[in-house]
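Engineer: Structure here, sequence nowhere to be found:
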């Protein structure tokens, strides 16, 4: 039995898409940095956010708030993100 080049091409393309698509999506999810408002976070304190899927810890402390005109306040904040790393 002889297999045509079209069926080999489509089979190879299918395997490539199946092998690469989940890996790229997983990298996108697990390597995400910062706060994602569309994801559920675990928080026992108002300044901490723990992502249960990736284990990322995000701490935000507001040190100083200076009121401004028309609601344009100046906030001095410190933030720690455990997912940040030097690339």
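Structural biologist: Noted; the coordinates are in hand. Here the structure is a predicted model, which means the values were calculated and not measured. Residues are numbered from 1 along each chain as shown.
Engineer: Can you work out which other helices and strands pack against the lengthiest strand in the chain?
Structural biologist: Criterion DSSP state E: the longest strand present in the chain is strand 57-66. Identification of packing neighbours for strand 57-66 by 3 or more CB pairs under 8 Å, 6 or more residues apart in numbering; DSSP states H and E yields strand 48-50, strand 74-81. No exception for glycine: its C-beta is placed from N, CA and C like everyone else's.
Engineer: For residue 4, find the nearest of the ones you listed.
Structural biologist: Comparing the helices and strands packed on strand 57-66 against residue 4 with CB to CB, the closest turns out to be strand 74-81 (52.3 Å).
Engineer: which other residues reach that closest one?
Structural biologist: Identification of contacts with strand 74-81 by CB atoms under 8 Å, 6 or more residues apart in numbering yields 33-34, 56-66, 68.
Engineer: Direction included, what does that strand pair against?
Structural biologist: Within its sheet, strand 74-81 is paired with strand 57-66 (antiparallel), according to DSSP bridges.
Engineer: Show me which residues of the strand it pairs with are buried.
Structural biologist: Under the neighbour-count criterion of 16 or more other CB atoms under 10 Å, strand 57-66 has residue 58 buried.
Engineer: try stretch 73-87
Structural biologist: Across stretch 73-87, burial judged by 16+ other CB under 10 Å covers no residue at all.
Engineer: State the distance from residue 55 to residue 83.
Structural biologist: Relative to residue 83, residue 55 is positioned 9 Å away (CB to CB, to the nearest Å).
Engineer: need the helices and strands packed on strand 57-66 in JSON lines with mean pLDDT, can you?
Structural biologist: Compiled in JSON lines, the helices and strands packed on strand 57-66 are given as follows (pLDDT from 0 to 100):
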{"stretch": "strand 48-50", "mean pLDDT": "86"}
{"stretch": "strand 74-81", "mean pLDDT": "92"}
